[in-house]
Every structure is written in C-alpha cells, then in structure tokens.
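# Let's see this in three dimensions:
(2 chains, ligands or ions: 1)
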Amino acid sequence: MLPAPVEQLITELSKLPGIGRRSAQRIAFHLLRRPREETQQLAQAIVDVKERIRFCERCFNYSEEELCSFCRDARRDQSLICVVEEPNDIIPIEKGGDYRGLYHVLGGALSPLDGVDPEHLRIRELLARVGEGGVEEVIIATNPNTSGESTALYIADLLREKVKVTRLASGLPVGADLEYADEATVSRALSGRREL
Amino acid sequence: MYLEHLEIKGFRNYRQGSVSLGPGVSIIVGRNGAGKTSLLEAAQYSICGKSFRTSRDAEMVREGSGFLRVSAAIETGGVKRSRLVSLQPGQPATVDQGGGPRWEQAGSVLCFSPDDLQLVKGAPAERRRFVDEAVSRRRPAYQKLAGDYQKVLSQRNRFLQRARAGIVRLADISPWDRQLMSLAFQIHDEREEYCRTLSPAFAEAYDRISGGSGSAEAVYRSQLQAHAGEEDREAAAVRELEQQWGGDLERGATSIGTHRDDIEFRVGGKNMRVFGSQGEQRSTVLALLLAEAVTESPGGERPLLLLDDVLSELDPDRRGRLLGALGNGFRSQVIITAADYNLIPVGGCEAAVVLEIGQDGLIRAAEAGDV
Ligand SMILES: [Zn+2]
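Numbers count the residues shown, from 1 in each chain, chains lettered A, B, ... in the order given. Just a heads-up that it's a prediction; the model follows:
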C-alpha cells in the first residue's frame, strides 16, 4: 500500500519506546513533509550519538570523552559517590541542584527473572573505585521497587566494612522511578538519606 | 451503598430486563433458567466491572446481540448517581459513571454462590485470597504490598533455580531473603489484624445462622508467628530462612513466608475444613460474608450482598435464621435468588421484598397469593 521506504521508516520508528504503529505513521508522514535539511539533521544526530557517545571509563555515564563531565570536574566532591541504575537517573538528581558529588551507573538492577545477576551490573567497578581510596560515602539511589531494593541491599553488604553506605529516603512516590520524580522530591530524598 | 434500580439489555439470556430494589432484603424468585443469577451478575458488573461467574466479559453478551448495556441507579454517601456500562465483545467496557467513581471505589459487592464452599473446603490459597481482598478494600495500599511480595517471591524462586543450575552463587540470595521477610511481616500484621477484627463478628453471624452459641472463631495461622515477641523478628525469620537454603535449593521454591499462611475457621474447636459437615461449611461461608459486610466499614457505607441460590442448600431452620439475621438491624442491602417460593420461610424475614421474574424480563413484586 505504501512505498517500501516509507514502510521501512514506519517499521523502524515503531520499535521506539512508547511509539505504536499509528504514531509511527504520523511521524513518518510528518518527516516526509519537512524540508530535506531538517530531516538530515535528525538523521545525522542519530548517527552522531552512536558514533561519539561512549561510557565514561570511571562512572559509566554517557560521555564524549574517556571521562564524563562529572568525573572531569575537579570542583565536585570526590568523596561522594551516588549509585544509580541508568544514566537518565542522573538528570533529576542534577536538576535538584543539591548534590555535588560523583556518580556510578550500574547499568540496571538485579532481577533473576530477567537474567540480571550481580556480574551483569558494574558492581565490581564500583568496589574498585572505593578500593582506590578517597571515598567517604556511597549513596545508593537505585529505584524504589523490589529490584532496586535488592540491588541496594546487595551493594550495601559488599561496601559496609569499607565505607559509609546510605540509601535515599523513601520520599519518592511509591513505585515511582527516579527518572520521573520531580526535583524537590529528589532533594528531599537526598537530604533525608539513611544509613544502610 | 444502595442499588435502587437496574436495567439490562443484551445481558446473558435477557433481551431486556429491569428491577427496582428496596434498601433491605430482596428475594428474587424465578424458575431455573429464568435469569436470576444473571441479574446478580449484572448488579455486580454495573458497580465494579467484574463478574463472579466469568473473567471473560464477552461471555455476558447475549447471543445474537452485538452489545450489552447495564444501567444502575446507585446511592452512596447520600448521593444518587446513575451509571451506564456498555460492552461490545472485543472492546474494553465503557462506563459513564455519572460523575461518580469509576469502578471499585463505586462501592463494594460481596457475592456468594454455592461454589464458594471452596473458601472453607478448598486450598489455603482460597482463604488467603478472601482475606487479601478484604484487607485491600480497607487499605488500597495493601494491593501493592501483596504484589511486591509476590514479585520478590518469584525472584527468589528463580534465583534458587539459577543457583541450582550453577549460574549464580547461593550466598547472593540474601538481599531477596531480607526483602521477602520485610514484606512478609507487613502482610502478616495486616492479615492478623483483619482476622482479629473478623473473628467476633464471624462468631456472632455463625450463631445467628446456626442457632448455636459463641464458639466460632477465625484463626490466623502463619509460620511467621513463631517469631512473635522476639526482639528483631525480621532478623530471626531471615536466619530461619537461611537454614532452609539447602532444601529450598533442591525444590527451587521458598519454604517460609506468608504464601504459606492459612486461616482456620473453627466451630466448637473443630476445624471446619476437615471436620465440618456440608451444612456447617455452608453456614461458615455465609457467616464469613455477613461478618465481612458488618466489619468492612463500621458505621460507614455497607457493601451490597448478593446471595445466589443459597436457600435451597440450607435446612429450613437455617433458612429462617439466615433471613432473620439479614433482616432488622443488618444495614447492608441484600439480594437473594431462589428457585421456588417454598424456600422462603413463612415470617422468616418480615423486611424482605419478594420479586418475581416475568417472561418479559420485567421483575415485579410477587402476588400476595404466590408467597
Ligand atoms: Zn564519569
């Protein structure tokens, strides 16, 4: 019914999160109507992000260089590490504006049902960072759900003897992921963190 | 809650039907196949969007009719509202709630049909579900708690299976153990408190139905009770769970937790599940329903009780006493179905209104001579 390239675009778009077939069609037809330069910019941005973005070698946040902007910033408090599940969990914490330490991105949370075991997360790398010295407190900011909670307990067990370990206060709405929390809530959760 | 009026179209065997109900007990009489149970089902469906007969909504749509429609006039908290629920097979139901709440919060409905004997006779899971549903109606947050427990339990069981396959180290199960026990005690406390509140009301209702005196009780049984009174009961339970690692690993399943809870209904010290006669078991379920209706919101909105064909299963004495118990002083609205006028005890319940299902689907007051 549709020319093959349009079909192809719709198929690719509908693989995106939250995009159903109908939305994919709308976006495809929208792109067809836009000027050529504009669509080229979009295509280039997608190519660039995959070519130029890699994981920070220290904290595993997205980065253009070996180290991300947080790890390169000497003004940040090097004695604090905030552990999150995914890079996008950093955004609400940064927006809160109170946190001045470093981060560590695990790349997920423990879930036997999904085949996610400790070795699949960047836990060994976290232990190594703490082992290098200079870290006084690790704040665990995994999501307040059953997977995030188990991950927090697991990490706390490994670090407890070595460093102070705290968990964000449960001020976050029940079951709400960090990603969707507003800044004020994140600030409150951060200042009310408790020792694990 | 008071369901004043119900109109149905294309529902089960009804082309159309309608009924007006009083705030007390209504007994709906009709021969088998006349549509008594369907009427109760429509009442429940109009209020909470669920059916006690099926989980497939499309089953309720009359054959040859492309859709069903149920409209209900409901009074809650002194406010009258009309609700209109429509359903076309293959599509989600649409509800026009008339400015009122959508589903569950519209009011609660308690149903009993003869199959519900499983609540007493069946596996512990049936009784846990009864308690969990009751607690959830009182505290909506309990649903999340129960859901989280189920999630952690599945995670732990999968972990055991992965440990048995050599993929993960068994010692790493500890976070799941601790989380499981933390959630388990929260569930334990809710269930225990519920049973403590329910038990005296259950005893009273059982006595009214059976004519006995004061020996019925609902007793909560949980493995976690072993740690009652310990200083850190959670830590003690975690240690006990650790001692089960070997066996759990072998079975790939978790041996300790609230998923092993049970509720014992005892009469005169006798466990009704094991030693109750058919009649005693029936009285037990009815007494539970009555007790739940009374305790659900003391002084507040009472749930609607739907009793499908319960009279035929009771002996004449119990029938009379049940209607007596549902009559004066019992503040819930009750709808009972019966296949035969002979099942309605003479003078058993003065407050009851007897209605009859006519050929045209209209449900009207029975003639004086019928009763
Ligand atoms: Zn970094």
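# Who are the contact partners of the residue of the stretch 251-371 of chain B found nearest chain A?
In the stretch 251-371 of chain B, no residue comes nearer to chain A than residue B:252, which is 11.5 Å away by C-beta to the nearest C-beta. Every residue, glycine included, has its C-beta placed from N, CA and C. Contacts for residue B:252 (C-beta atoms under 8 Å, 6 or more residues apart in numbering or on different chains) come out as B:157, B:160-161, B:164.
# Which residue ranges of chain A form helices?
A:4-13, A:21-33, A:36-52, A:69-72, A:90-96, A:123-131, A:146-159, A:183-191 (DSSP state H).
# got the buried residues for the lowest-mean-pLDDT helix or strand in chain A?
Each helix and strand of chain A was given a mean pLDDT (mean pLDDT, DSSP states H and E); the minimum falls on helix A:183-191 at a mean of 75. Neighbour-count burial for helix A:183-191 flags A:185-190 (criterion: 16 or more other C-beta atoms under 10 Å in any protein chain shown).
# what's the answer for stretch B:247-262, then?
Buried residues in stretch B:247-262 (16+ other C-beta under 10 Å): B:248-249, B:254, B:256-259, B:261-262.
# Could you work out the most separated pair of these?
Spanning the widest gap among those are B:249 and B:262, at 25.2 Å by C-beta to C-beta.
# Leaving out sequence neighbours, find the closest residue to residue 31.
Answering for chain A, as no chain was given. Spatial nearest neighbour of residue A:31, excluding adjacent residues (C-beta to C-beta, 6 or more residues apart in numbering or on different chains): residue A:39 at 5.4 Å.
# not what I meant, chain B
Spatially, and ignoring its direct neighbours in sequence, residue B:31 is nearest to residue B:339 (6.5 Å; C-beta to C-beta, 6+ apart).
# and the least confident helix or strand of chain A, how far out from the chain's middle?
From the chain centre to the centre of helix A:183-191 is a distance of 17 Å (C-alpha atoms, centre = their mean, to the nearest Å).
# what's it packed up against?
Counting contacts by 3 or more C-beta pairs under 8 Å, 6 or more residues apart in numbering or on different chains; DSSP states H and E, helix A:183-191 packs against helix A:90-96.
# Which residues does the helix it packs on contact?
Contacts for helix A:90-96 (C-beta under 8 Å, 6+ apart): A:61, A:70, A:82, A:84, A:99, A:103, A:105, A:141, A:178-179, A:181-184, A:186-187, A:190.
# for chain A, longest strand please?
In chain A, taking DSSP state E as the definition, the longest strand is strand A:77-84.
# before we move on, back to that, in strands, which of the buried residues of stretch B:247-262 fall?
Counting by DSSP E, the buried residues of stretch B:247-262 place residue B:262 in strands.
# what does chain A have sitting close to chain B?
Where chain A comes near chain B, counting by C-beta under 8 Å from any C-beta of the partner chain, the residues are A:110-113, A:117-118, A:145-147, A:149-154, A:157, A:174-175.
# Show me which of these are buried.
Buried subset of these (neighbour count, 16+ other C-beta under 10 Å): A:110-112, A:117-118, A:145-147, A:149-154, A:157.
# Tell me the bridge partners for the residue lying closest to residue B:98 once chain neighbours are set aside.
Among residues not flanking residue B:98 along the chain, residue B:81 sits closest, at 4.1 Å (C-beta to C-beta, 6+ apart). When assigned by DSSP bridges, residue B:81 has beta-bridge partners residue B:74.
# Run a quick check on residue B:81 versus residue B:99, I expect a contact.
Yes. Residue B:81 lies in contact with residue B:99 (C-beta atoms under 8 Å); the separation is 6.2 Å.
# More neighbours: which of those two?
Comparing residue B:81 with residue B:99 by other C-beta atoms under 10 Å in any protein chain shown, the one with more neighbours is residue B:81, at 15 against 9.
# residues in contact with the more buried one?
B:73-75, B:97-100.
# Over to the residue in the stretch 1-150 of chain B that chain A sits nearest to. Which of the three states is it?
Nearest residue of the stretch 1-150 of chain B to chain A, counting by C-beta to the nearest C-beta: residue B:148, 5.4 Å away. Judged by DSSP: H, G, I helix; E, B strand; the rest coil, the three-state class of residue B:148 is helix.
# burial of it, as a residue count?
So residue B:148, with other C-beta under 10 Å, has 21 neighbours.
# From residue B:183, how far off is it?
Look at residue B:148 and residue B:183: by C-beta to C-beta, to the nearest Å, they are 6 Å apart.
# if we look at the strand or helix carrying residue B:325, which residues are touching it?
Taking DSSP states H and E as the definition, residue B:325 sits inside helix B:316-326. Identification of contacts with helix B:316-326 by C-beta under 8 Å, 6+ apart yields B:25, B:205, B:208-211, B:279, B:282-283, B:286, B:290, B:305, B:310-311, B:314, B:332, B:334, B:336, B:343-345, B:348-349, B:352.
# What about those residues, which are in strands?
Using DSSP E, the contacts of helix B:316-326 in strands are B:25, B:305, B:334, B:336.
# Let me have those in TSV, extended by pLDDT, neighbour count and distance to residue B:297.
Listed next are the ones in strands among the contacts of helix B:316-326 as TSV, based on pLDDT from 0 to 100; neighbours: other C-beta atoms under 10 Å in any protein chain shown; distance: C-beta to C-beta, whole Å:
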residue	pLDDT	neighbour count	distance to residue B:297
B:25	90	25	20
B:305	93	22	14
B:334	93	28	16
B:336	92	27	22
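# number of nearby residues for the residue in the stretch 201-350 of chain B that the ion sits nearest to?
Nearest to the ion in the stretch 201-350 of chain B, going by C-beta to the ion, is residue B:238, at a distance of 35.7 Å. As a burial measure, residue B:238 scores 19 neighbours (other C-beta under 10 Å).
# pLDDT weak spots in chain A?
Across chain A, residues meeting the criterion (pLDDT under 70) sit at A:170-181.
# for the record, mean pLDDT for stretch B:362-371?
When pLDDT is averaged over stretch B:362-371, the result is 60.
# what's the answer for stretch B:256-272, then?
Stretch B:256-272 carries an average pLDDT of 96.
# ok, it near chain A or not?
No. Applying C-beta under 8 Å from any C-beta, one finds stretch B:256-272 separated from chain A by no less than 14.1 Å.
# residues making contact with that stretch?
B:120, B:124, B:127-128, B:130-131, B:149-150, B:153, B:180-181, B:184, B:187-188, B:191, B:195, B:202, B:206, B:210, B:212, B:215-224, B:237, B:240-241, B:244, B:273, B:276, B:280-281, B:284, B:288.
# Of those residues, which belong to strands?
B:216-221.
# Of the residues you listed - the most surrounded one?
Ranking the ones in strands among the contacts of stretch B:256-272 using other C-beta under 10 Å puts residue B:216 first, with 28 neighbours.
# Show residues contacting the strand or helix carrying residue B:246.
Using DSSP H and E, residue B:246 sits in helix B:245-251. Contacting residues not belonging to helix B:245-251 are listed as B:160, B:163-164, B:170, B:173, B:241, B:254-255 [C-beta under 8 Å, 6+ apart].
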